[in-house]
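J.: Take a look and give me a structure for this.
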Amino acid sequence: MMRTALGLLRLGVALAVAASATVGGGTTAYAAPSGDERAAAHGSSVVRSTTLGRVLGLDESRTAGTQSWLGIPYAAPPVGELRWQPPQPHERWRGVRRAQEYGDGCAQPGRFFSPSPDGPHYDLDVRDGLGRPVGAEDCLTLNVYRPATTRRDLPVLVFVHGGSNVVGYSGDPMYDGRRLARQAGAVVVTLNYRLGLFGWLRHEQLATGDPVADSGNFGLLDQIAALRFVRDNARSFGGDPGNVTVMGESAGAVNVWALMVSPLARGLFHRAIPLSGGLSTTSPADARRYAEALASAAAQEYDVDPAHAGRLLRSLPADELVRISLDHGLDATPAVIADGTVVPADPYAALASARLSRMPVLAGNTFEEGKLFGASIGAHRPSERDRFTLQYRFDPDHPGGLTVRDLIADPYLPLDAPGGWEDASEQLTAAVFHGIVKRSMDTLVAAGNRSTYYYEFGWNEQPHPFDRVYGSVHALDLPFVFGTFGRTVFSYAFSEANRPGRIALSDLMMRSIRAFLRTGRPDHRGLDDRWGRWPASMVLDAGKRRAWTCSGRFGGTYGAAAASDPAIACR
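T.: Next comes the predicted model:
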């Protein structure tokens with residue numbers, strides 16, 4: 001009886017919170033420009049017209065050489081009745097909407113790559129959100145960056161962030177598109193999409209009879225909606241809707257491969273850059289089991305008949321759903337779902353289609369991907385909170401007395417002993433990353449695709465002990481792709497001593513992206529060797545003073561040895 005009363009009390013509170021969150025039919029409030037801003041906006045180069053209304057961006061031509069528009073909604077807030085529904089059109093707005101701040105990251109359980117609990121930014125407060133609900137359900141926004149020039153018909157690059165399809169946000173300073181837009185001469189777009197249980201849920205009590213709505217692939221449908229917004233509005237920002245490349249990293253790369261095979265995304269992009277990920281899906285049966293487990297956990301906590309669990313899931317506030325998933329070990333939501341409508345039931349058969357044999361693809365891996373995932377095998381220490389604090393406060397120009405033993409557990413020491421951290425992390429790299437990348441690229445080549453390219457990233461010039469603990473770890477290539485070496489989750493790695501080499505390497509990588517966006521080939525004159533087609537690779541690396549590249553091959557030596565010795569990395 002007491003349990004029932006407690007459940008009813010919690011349900012009443014949750015329903016009240018949920019109701020207050022959806023007052024006004026889900027229409028998003030926004031800060032309208034002031035009178036002075038409206039006057040300044042008249043004829044301004046950073047006021048652009050979109051299919052939803054005009055937006056006022058940021059003119060950073062004197063400081064960054066760019067213009068940017070942040071937090072532009074591309075779909076209606078997926079709240080209230082729109083939770084677990086395909087993205088719906090956003091209402092048009094009147095006047096000029098300010099687009100000068102990032103939109104909230106989507107609701108998620110706090111992890112290393114999550115936003116701060118107090119907004120879509122990166123700071124020490126991120127640690128206070130670890131293991132707690134962060135972000136917001138009203139989150140479907142994108143950001144646009146372009147060079148501060150009058151050039152038009154620029155190639156468009158759309159970036160899909162990673163984070164296991166559970167965490168991440170487009171406002172992460174690592175994904176700041178300003179420098180890449182300027183260096184690549186492109187319109188760069190970064191976007192938020194629904195994550196975790198909000199992005200990938202397939203439960204029979206939520207079914208509508210519409211195969212798209214019932215697919216469970218809401219995160220992927222958000223990305224497709226964002227691509228449609230890009231197609232419809234690219235010219236307003238000086239971009240060419242006929243030359244769109246989709247780039248993603250980690251889970252973002254998994255999503256790029258899914259977009260390639262989705263019939264709903266056909267014609268929305270023309271080239272692909274999937275980094276550290278391959279075509280990987282979950283079955284409808286596995287997705288259904290996850291949804292049933294989540295519904296059962298919620299029904300148990302609120303003492304609700306499981307037959308009414310679907311209604312309960314719709315009624316609970318986003319933070320409460322995330323809390324339940326954390327408390328019951330259900331925060332790792334399976335994605336992407338091979339539902340047969342949004343994603344083909346046999347995705348690899350779709351990947352082998354003649355249509356995709358003509359799409360240029362540039363894939364990549366870091367040599368030491370697995371070193372980010374030591375917690376999964378008990379190799380990382382101390383606690384996640386203490387580790388985040390230590391790395392955030394670490395001064396790469398004054399390393400101090402930090403040791404490998406402070407970061408790696410004793411069973412994995414010495415690092416280079418049999419079964420040590422080097423061996424264990426290489427096994428993680430092979431198991432998690434290499435198989436799906438190889439199968440994905442091989443499938444394209446077997447179908448006749450002659451525009452498949454691949455890189456291996458080997459930079460490991462961090463101050464000790466991070467050079468050995470992480471080295472060329474998963475996602476470390478992203479600051480080089482974007483040219484973002486300020487305060488990020490990887491800022492412990494970037495010292496003044498290694499600045500010349502890493503800046504040179506970043507320049508080479510952005511020049512390859514610039515070339516690929518225009519020609520479908522990543523070759524340029526700055527490379528030391530010819531970039532051959534898959535399974536050949538281009539090894540990208542740098543010492544402290546200079547960058548270098550060489551021809552390699554997928555399946556050769558990887559891990560710490562390859563990252564540290566050009567003679568091993570290059571064929």
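J.: List the residues that contact the residue nearest to residue 465 when sequence neighbours are not counted.
T.: Once flanking residues are discounted, residue 465 sits nearest to residue 404: 4.4 Å by CB to CB, 6 or more residues apart in numbering. All C-beta atoms are positioned from the backbone trio N, CA, C, and that covers glycine. By CB atoms under 8 Å, 6 or more residues apart in numbering, the contact set of residue 404 is 413, 415, 465, 468, 469.
J.: roughly how far apart are the residue nearest to residue 506 when sequence neighbours are not counted and residue 190?
T.: In this structure, residue 506 finds its nearest non-sequential neighbour in residue 480, 4.3 Å apart by CB to CB, 6+ apart. Residue 480 sits 16 Å away from residue 190, going by CB to CB, to the nearest Å.
J.: Compare the two (neighbour count), which wins?
T.: Between residue 480 and residue 190, residue 190 has the larger neighbour count (other CB atoms under 10 Å), namely 27 against 22.
J.: still on that earlier bit, now, the contacts of residue 404 that are in helices?
T.: 468, 469 (DSSP state H).
J.: a helix runs through residue 525, doesn't it?
T.: No - secondary structure of residue 525 (DSSP: H, G, I helix; E, B strand; the rest coil): coil, not part of a helix.
J.: hey, which helix or strand in this protein has the poorest pLDDT?
T.: One helix or strand of the chain scores below all others by mean pLDDT, DSSP states H and E: helix 2-21, with a mean of 42.
J.: start to end distance for stretch 130-148?
T.: From its first residue to its last, stretch 130-148 covers 38 Å (CA to CA, to the nearest Å).
J.: average pLDDT across that stretch?
T.: The average pLDDT for stretch 130-148 rounds to 98.
J.: in it, what counts as buried?
T.: For stretch 130-148, a neighbour-count test (16 or more other CB atoms under 10 Å) marks 130, 133-148 as buried.
J.: and it, how far from the chain's centre?
T.: 11 Å (CA atoms, centre = their mean, to the nearest Å).
J.: swap in stretch 328-348?
T.: 17 Å.
J.: Show me what counts as buried in it.
T.: 330-331, 333-339, 341-344, 347.
J.: low-confidence ranges in this structure?
T.: For the chain, applying pLDDT under 70 flags the ranges 1-43.
J.: let's go with 90 and repeat that
T.: Under the criterion pLDDT under 90, the flagged ranges of the chain are 1-44, 354-355, 400-401, 555-571.
J.: that older thread, how close does the residue nearest to residue 465 sit to residue 370?
T.: Applying CB to CB to residue 404 and residue 370 gives a distance of 16 Å.
J.: And the helices in the stretch 151-300 of the chain, which stretches?
T.: 178-184, 196-199, 218-233, 251-261, 284-302 (DSSP state H, counting those that start in this stretch).
J.: Which one of those lies nearest to residue 400?
T.: For the helices of the stretch 151-300 of the chain, the distance to residue 400 is smallest for helix 178-184, at 30.0 Å, taking CB to CB.
J.: mind listing what the most centrally placed residue in the chain touches?
T.: The centroid of the chain falls nearest to residue 161 when counting by CA atoms, centre = their mean (1.2 Å). Shown in contact with residue 161 (CB under 8 Å, 6+ apart): 168, 169, 170, 172, 175, 190, 248, 249, 252.
J.: likewise residue 179?
T.: So residue 179 contacts 64, 482, 483, 484, 510 (CB under 8 Å, 6+ apart).
J.: Report the strands that pair with the top strand by length along the chain, each with its relative direction.
T.: Of all segments of type strand in the chain, defined using DSSP state E, the longest is strand 239-249. Strand pairing for strand 239-249, using DSSP bridges, gives strand 154-160 (parallel), strand 271-275 (parallel).
J.: what's in contact with the last one?
T.: Going back to what we said before, that points to strand 271-275. Here strand 271-275 makes contact (CB under 8 Å, 6+ apart) with 157, 244-250, 252-254, 256-257, 259-260, 359-365, 440, 477-478, 481, 513, 516-517, 520.
J.: Now list the buried members of the residues you listed.
T.: Buried residues within the contacts of strand 271-275, counting neighbours by 16+ other CB under 10 Å: 157, 244-250, 252-254, 256-257, 259-260, 359-365, 440, 477-478, 481, 513, 516-517, 520.
J.: What is the nearest of the contacts of residue 161 to residue 231?
T.: Using CB to CB, the contacts of residue 161 come closest to residue 231 at residue 190, 16.6 Å.
J.: And the nearest residue to the closest one once chain neighbours are set aside, how close does it get to residue 93?
T.: The shortest distance from residue 190 to any non-neighbouring residue, by CB to CB, 6+ apart, is to residue 170 (4.2 Å). As for residue 170, its distance to residue 93 is 20 Å (criterion: CB to CB).
J.: Counting neighbours, go ahead and name the busier of those two.
T.: Legend: neighbour count by other CB under 10 Å for residue 170 and residue 93, higher for residue 170 (28 against 17).
J.: isn't residue 45 right next to residue 60, touching?
T.: No - applying CB atoms under 8 Å, one finds residue 45 not in contact with residue 60, separated by 11.4 Å.
J.: hang on, residue 537 is in a strand, isn't it?
T.: Yes - the assignment for residue 537 is a strand, going by three-state DSSP.
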